[in-house]
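>>> fold the following.
(one chain, ligands or ions: 1)
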Amino acid sequence: MKLNKSLIFTICCCFIFIKCKIIEEKQTKNSSFKSGKKWLDTNGDHINAHGGGIMFRDGVYYWFGEHKTEGRGGNTTLIGVRCYSSTDLYNWKNEGIALQVVENPDSEITKGAVIERPKVVFNKKNRKYVMWFHLELKDQGYNAARTGVAVSDFPTGPFKFLKSYRPNAGNWPINFKEEWKTETENTPVKWWTPEWYTYVKKGGFVRRDFESGQMSRDMTVFVDDNEKAYHIHSSEDNLTLHISELTDDYLDFTNKWITLAPAGNNEAPAIFKDKDTYFMITSGCTGWDPNAARSFKAKSIWGPWESLGNPSIGKDAELTFHSQSTYILPVEGKKNAFIFMADRWVPRNPIDGTYVWLPIKINNGKPILKWYDKWDLNFFN
Ligand code: GAL
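Okay, here's the model as predicted:
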């Protein structure tokens with residue numbers, strides 16, 4: 001009997017010890033970035049903020065991203081946009097759902113719609129947090145191609161959905177030739193032929209969508225030094241990027257916009273400004289599969305944008321290290337310190353998608369991405 005009691009006591013102790021070890025392991029503080037590995041939040045759960053972006057405010061970084069769920073359907077939005085906060089960029093606290101989908105089937109953000117690539121910016125004038133995102137209406141595949149906007153008084157939300165639409169209806173881009181506006185040529189029946197490329201480059205698709213508004217899929221938002229904000233998105237069936245100025249409250253388009261890299265098939269745009277140069281990193285269009293990134297630079301947001309080719313070097317450079325860009329984060333308090341943020345999508349179980357964060361180096365006026373198994377912010381010292 002005595003033996004049994006001490007045996008039970010020993011088993012209990014072992015059990016408590018193992019349990020404590022597991023909790024301790026899950027809650028270990030992070031002090032580096034390990035791209036492609038599971039990143040645990042401060043509760044020990046894998047971070048669920050895909051296609052995300054980061055906003056910095058009052059000493060805190062807020063990471064907003066798509067909350068994915070399990071299984072093949074996990075890329076449709078069943079929950080919403082999740083937010084995490086951090087003061088060091090390594091350790092993230094789950095702040096809950098910032099923008100929630102709704103049960104009402106008549107709402108544009110009803111459960112089962114697709115909300116992708118949310119980006120939040122702070123409007124200093126109105127002291128509001130503004131979230132823009134790519135929205136696809138429920139059960140319509142990727143046909144709606146809209147941009148959506150939501151607003152909040154607090155960084156972590158709740159964000160109130162305002163509207164979604166195809167932007168720039170009835171307005172020509174400022175880099176559009178006068179003679180293209182009245183061109184009446186029909187769309188070439190066969191895509192990807194030389195005639196078809198010429199047709200797209202001369203604005204055939206911009207004309208097609210002129211009245212109804214331009215398609216808007218993969219997107220980001222960028223706030224310049226002078227507080228002007230820009231919405232950058234894949235348009236014209238993902239063929240051409242559009243850069244559009246937002247109104248002073250960031251809640252609408254001013255209808256001043258340009259096309260960038262017509263027929264270049266760019267998506268997943270991410271942008272940063274180093275001194276007086278704007279740099280953009282994008283991907284090609286292969287859905288959830290990775291491809292080679294591209295890069296561009298310009299002295300003005302309105303171009304001309306110069307193509308710089310693939311920014312990645314080394315092993316797996318042609319697949320962007322098995323990832324796709326989502327955002328470029330300037331590190332607060334450090335000069336010339338930019339983090340390339342990308343997603344490793346897992347379409348068969350989207351919740352398992354991981355994150356690739358790499359430091360950006362500028363070499364001879366070109367952004368360079370190199371793989372590191374493990375790195376930390378001292379890289380920028
Ligand atoms: C990718 C895009 C993702 C998502 C996906 C759907 O090309 O970057 O954000 O839209 O396609 O297939």
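>>> for residue 94, which non-adjacent residue is closest in space?
In this structure, residue 94 finds its nearest non-sequential neighbour in residue 41, 4.9 Å apart by CB to CB, 6 or more residues apart in numbering. Every residue, glycine included, has its C-beta placed from N, CA and C.
>>> I misspoke; the intended subject was residue 157.
Nearest non-adjacent residue to residue 157, counting by CB to CB, 6+ apart: residue 98, 3.5 Å away.
>>> quick check, that neighbour in contact with residue 152.
Yes. Contact criterion CB atoms under 8 Å: residue 98 and residue 152 qualify, at 7.3 Å.
>>> quick one: which of those two has more around it?
Neighbour count, other CB atoms under 10 Å: between residue 98 and residue 152, residue 98 has more, with 27 against 17.
>>> in what helix or strand does the more buried one lie?
strand 93-100 (DSSP states H and E).
>>> thinking again about what came up before, find the residues that touch each one of residue 98 and residue 152.
Common neighbours of residue 98 and residue 152 (criterion: CB atoms under 8 Å, 6 or more residues apart in numbering): 131, 158-159.
>>> narrow these to those that are buried.
Buried members of the shared contacts of residue 98 and residue 152, counted by 16 or more other CB atoms under 10 Å: 131, 159.
>>> got the shared contacts of residue 98 and residue 152 as CSV, with secondary structure, pLDDT and distance to residue 109 columns?
Formatted as CSV, the shared contacts of residue 98 and residue 152 follow (DSSP: H, G, I helix; E, B strand; the rest coil; pLDDT from 0 to 100; distance: CB to CB, whole Å):
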residue, secondary structure, pLDDT, distance to residue 109
131, strand, 98, 11
158, coil, 98, 13
159, coil, 98, 10
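>>> what sits against the closest residue to residue 307 other than its chain neighbours?
Distances taken as CB to CB, 6+ apart put residue 296 closest to residue 307, at 5.6 Å, once the chain neighbours are dropped. Shown in contact with residue 296 (CB under 8 Å, 6+ apart): 260-261, 279-280, 282, 305-308.
>>> is residue 296 in a bridge, and if so with what?
Taking DSSP bridges as the rule, residue 296 bridges to residue 280, residue 307.
>>> how far away is it from the ligand?
For residue 296, the distance to the ligand equals 17 Å [CB to the nearest ligand atom, to the nearest Å].
>>> for that residue, give me the pLDDT.
On the pLDDT scale, residue 296 is placed at 98.
>>> same check on residue 72?
At residue 72, the predicted lDDT confidence score is 84.
>>> not counting sequence-adjacent ones, nearest residue to it?
Nearest to residue 72 is residue 348, by CB to CB, 6+ apart, at 6.5 Å.
>>> so how far is the ligand from that neighbour?
In this structure, residue 348 and the ligand are 13 Å apart, going by CB to the nearest ligand atom.
>>> residues near that residue, how many?
Count around residue 348 with other CB under 10 Å applied: 11.
>>> for it, give me the pLDDT.
We have a pLDDT of 95 for residue 348.
>>> all strands for the stretch 51-200 of the chain, in order.
Under the criterion DSSP state E, counting those that start in this stretch, the stretch 51-200 of the chain contains strands at 60-66, 80-86, 93-100, 114-123, 128-136, 146-152, 160-165.
>>> bridging residues for the residue in the stretch 51-200 of the chain positioned nearest to the ligand?
The minimum distance from the stretch 51-200 of the chain to the ligand, using CB to the nearest ligand atom, falls at residue 116 (4.7 Å). Note on residue 116: beta-bridge partners by DSSP bridges are residue 134.
>>> quick check, pLDDT for it.
On the pLDDT scale, residue 116 gets 98.
>>> does it touch residue 216 like I think?
No. Using CB under 8 Å, residue 116 is not in contact with residue 216; the gap is 11.0 Å.
>>> what is in contact with the two at once?
Contact criterion CB under 8 Å, 6+ apart; residues shared by residue 116 and residue 216: residue 134.
>>> those two - which one has more neighbours?
Legend: neighbour count by other CB under 10 Å for residue 116 and residue 216, higher for residue 216 (27 against 21).
>>> residues of the chain that sit close to the ligand?
Counting by CB under 6 Å from any ligand atom, the positions of the chain adjacent to the ligand are 51, 116-117, 218, 267-268, 285, 287-288, 324.
>>> can you say which of those are buried?
Those of the residues of the chain next to the ligand that meet the buried threshold are 51, 116-117, 218, 267-268, 285, 324, by 16+ other CB under 10 Å.
>>> pick the one among these closest to residue 107.
residue 116 (17.1 Å; CB to CB).
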